[in-house]
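*Asks:* everything below, folded, please.
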Amino acid sequence: MTEVKAFPLLTEADAPRLNESLDNIVVADQLPVVPAAKIDKLANVLRKVFSQFGEIVDFKMCQNEDGSTTGFAFVEYANRAMAREAVEKGHGYKMDKKHTFALSLMSDFDKYEHTPDEFAPVEEQYTDVDLTSWLENKHCDDQYVSQYANRTAVYWNRRESAVSIQDRVNWADGAVVWSPQGSYLATFHRKGIALWGGPKFERIVRFSHDMVTSLDFSPSERYLVTWSEKSKDVIIWDIHTGQQKRSFSTENTFVTWPFFKWSHDDKYFSRMTGDSLHIYETTDFKRKKNIKLTNEAGLKMLREDNTHMNYGWSPTDNILCYWTPEEGSDKPARVVLLSVPDYKEISVKNLFKVKGCKIVWQKQGDYLCVKVDRYNKLVAEKVEKTDADKDKAERRMIKKDLYSTFQIYHLREKQVPCDTLELKEQVGFVAWEPVGKRFAIIHGVSPRINLSVYELQPLGVTLLKTMDRIQGNVVKWSPRGRFFVLASVNNGPAPVSAGALMFVDSDDMSIMRTADHPAMTDLEWDPTGRYVSSAVSAWRERTDTGFYIWSFQGRALQKHNIEHFYMLKWRPRPRPLLTEEQLQAIKNSKKYYSTFEADDKLQQSKASAELIERRREMADHWAAYRKQCDESYQAIHEQLRRMRPEQQAVEVQEKEESFEFLVRDEKEVVD
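*Replies:* Sure thing, here's the model as predicted:
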């Protein structure tokens, strides 16, 4: 006999219910008001606009009694995510000069309708991590992150040693990157990017983007840009909310990194595509300006010269500098300074016989150097054509003798005056002093490569000194100026004597010290200008990997030879909130000298870091024990006083006793 199982009785709770949620309905206001005859045409246009954010289930435009529209409509999407995206991206959308959309969720009306008349403050539960706690270190130490083998570690840097903060296995699947102001540590993973911060480096937020190849932060750390070579797209993320703001497809596009360049305040970002420069605004992430840089003739000349156009934002102002190539013999190359958002050309410089330009901003935005590579000769040559018509001939330009000139702009002066410096030889490297008026140039052709340091003075550009036949291809200035390191870094084809280091004081152009770190691949100053790190990365070298820490004067403080060492990156510091006058007053003050001198002496002692720490623990333990004994004595003393009120408790008095003993016996003959 077959067993028959009875179905349970259905109750009212099991009955299907109507979805009464209003989260997927958007109210669109400030729409055009049109007569009844034009409603269908307007509805098609609006549907096309709103369908960009998701699937539309229903669209209803409200009408007056005469059939004309009232200026608002209801848009129902397939789900609440689409509706929220429509409000986020469509609010403020400019349909034309007179109509700007005002979008809101239908559920918001219900929420505001039931808002109580009396305000009752809600006690907030703060869960945010303190992202600046590391700046309160009493020793004013800096942090750095290093990667070796399968480990990622963060350390406090001390003069003679380092103190570990975090050391984790498989913390990242790839490299790690600090944010520009040091608030976050970004780690690469197969499923995306994670940001870490706080005293214990907790995970703050993560972004799902498979197989990210490159990432970049905006200067103010508000946005994160990721690119995945697998999905062929670039995504801009809001770090505070974790939301995706906009994506760009890179299908059939040659990607150069960084993909975007940002203004100093994160209000604008830009990208270059082919012959155009596009400028976007972060209020709605829409393109605001398209600048045509060149035509097909200009692009052809760039390809022949193997040159690419480039541009750059000022580090402190919303000013953009870009250059355009020559277009034939009639139209010269141009260097343009453009202010944003009025898009006014502050300065325009016409140049001829240009191969390419490199834009180098000074860190404070006071000066701009444009290195212009130019041809000394353009020789016309007659060339016979190879086609059937051999009677015709063409002329082509033979470009000879490449040299460099420098256009130096003074951004803080009226009408932005420009100085010109000319070198009749090729220039390989240019670097500004971050907080001064000096810049260094490496020029010449091997085996005679020279270093020249110039300074901007009221009468023009003045040469301070030229060092002949140097060994180096990179100049690294201290973040505080004055000092720089000339180094031979193996960051490509191995230069001559890779690893040579020269520490220079630019005030008198004296060489403080020379040193060597064989096969050096990386060189970086710490944010305060006190230390320099040099490294040999296993990503480029197979042997002798590790890193050295140097003083700013070139003395080797630490040497760490680590197998499978990959990188060392100093944690950046945010821009100080104090003025230059206040910072200088603190420097000149002797209030903190004794504290830091004692700390320096302690760190310079021969005792190991472990021994010093153990001594500190013993001193703290003794201080705690004494405090406990004092409290115990006071408690017993009070108890005895209550037990014998007629008598005073016996006071313990300290007595001093003197002892004399013979130290040595001396005899002196008196004449």
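*Asks:* doesn't residue 628 lie inside a strand?
*Replies:* No - counting by DSSP: H, G, I helix; E, B strand; the rest coil, residue 628 is not part of a strand but helix.
*Asks:* number of nearby residues for it?
*Replies:* Other residues within reach of residue 628 by the criterion other C-beta atoms under 10 Å amount to 10. From N, CA and C alone the C-beta is placed, and that goes for glycine too.
*Asks:* pretty sure residue 402 is in contact with residue 353, am I right?
*Replies:* No - under the criterion of C-beta atoms under 8 Å, residue 402 is not in contact with residue 353, lying 9.9 Å apart.
*Asks:* need the overlap of contacts for these two.
*Replies:* Shared contacts of residue 402 and residue 353 (C-beta atoms under 8 Å, 6 or more residues apart in numbering): 374, 375, 376.
*Asks:* surely the second one touches residue 426?
*Replies:* No - distance between residue 375 and residue 426: 11.7 Å, which falls outside the contact criterion (C-beta under 8 Å).
*Asks:* quick check, pLDDT for the residue nearest to the spatial centre of the chain.
*Replies:* For the chain, the residue nearest the mean C-alpha position is residue 180 (2.9 Å; C-alpha atoms, centre = their mean). As predicted, residue 180 sits at a pLDDT of 96.
*Asks:* that one: what secondary structure?
*Replies:* Per three-state DSSP, residue 180 ends up coil.
*Asks:* any stretches of the stretch 151-300 of the chain with poor pLDDT?
*Replies:* Counting by pLDDT under 70, the stretch 151-300 of the chain has no low-confidence residues at all.
*Asks:* what does the chain give?
*Replies:* Along the chain, segments meeting pLDDT under 70 span 1-21, 110-128, 377-400, 492-497, 589-610, 645-659, 661-671.
*Asks:* how about the helices in it?
*Replies:* Taking DSSP state H, the helices of the chain run over residues 39-50, 80-90, 106-113, 296-305, 580-588, 593-604, 609-643.
*Asks:* from residue 206, how far out is the closest residue to residue 58 other than its chain neighbours?
*Replies:* Closest residue to residue 58 apart from its sequence neighbours, by C-beta to C-beta, 6 or more residues apart in numbering: residue 76 at 4.1 Å. In this view, residue 76 and residue 206 are 32 Å apart by C-beta to C-beta, to the nearest Å.
*Asks:* could you give the backbone dihedrals for residue 99?
*Replies:* For residue 99, the backbone dihedrals (degrees, to the nearest 10) come out as phi -130, psi 120.
*Asks:* touching, it and residue 33? I think so.
*Replies:* No - if you go by C-beta under 8 Å, residue 99 and residue 33 don't touch, sitting 9.3 Å apart.
*Asks:* so between residue 375 and residue 426, which is more surrounded?
*Replies:* Neighbours were counted for residue 375 and for residue 426 using other C-beta under 10 Å; residue 375 has more, 18 against 14.
*Asks:* can you give me the end-to-end span of stretch 305-319?
*Replies:* Using C-alpha to C-alpha, to the nearest Å, the span of stretch 305-319 from its first residue to its last is 28 Å.
*Asks:* buried residues in it?
*Replies:* 305, 309, 311, 312, 313, 314, 315, 316, 318, 319 (16 or more other C-beta atoms under 10 Å).
*Asks:* quick one: residues contacting the fourth one.
*Replies:* Residues in contact with residue 312, defined by C-beta under 8 Å, 6+ apart, are 261, 320, 321, 359, 361.
*Asks:* which ChimeraX command selects the buried ones in the residues you listed?
*Replies:* In ChimeraX syntax, the buried subset of those is picked out as below (16+ other C-beta under 10 Å):
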select :261,320,321,359,361
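*Asks:* now the contacts of residue 312 in CSV, with distance to residue 542?
*Replies:* As requested, the contacts of residue 312 are arranged in CSV below (distance: C-beta to C-beta, whole Å):
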residue, distance to residue 542
261, 35
320, 43
321, 41
359, 36
361, 37
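*Asks:* residue 102 is in contact with residue 87, correct?
*Replies:* No - counting by C-beta under 8 Å, residue 87 does not reach residue 102; the two are 9.9 Å apart.
*Asks:* re the thing from before, between the buried residues of stretch 305-319, which is nearest residue 573?
*Replies:* Within these, distances to residue 573 taken as C-beta to C-beta reach their minimum at residue 315, with 15.2 Å.
*Asks:* what about the spatially closest residue to that closest one that is not a sequence neighbour, distance to residue 105?
*Replies:* Leaving aside its sequence neighbours, residue 315 sits nearest to residue 365 (C-beta to C-beta, 6+ apart; 4.9 Å). According to C-beta to C-beta, residue 365 and residue 105 sit 42 Å apart.
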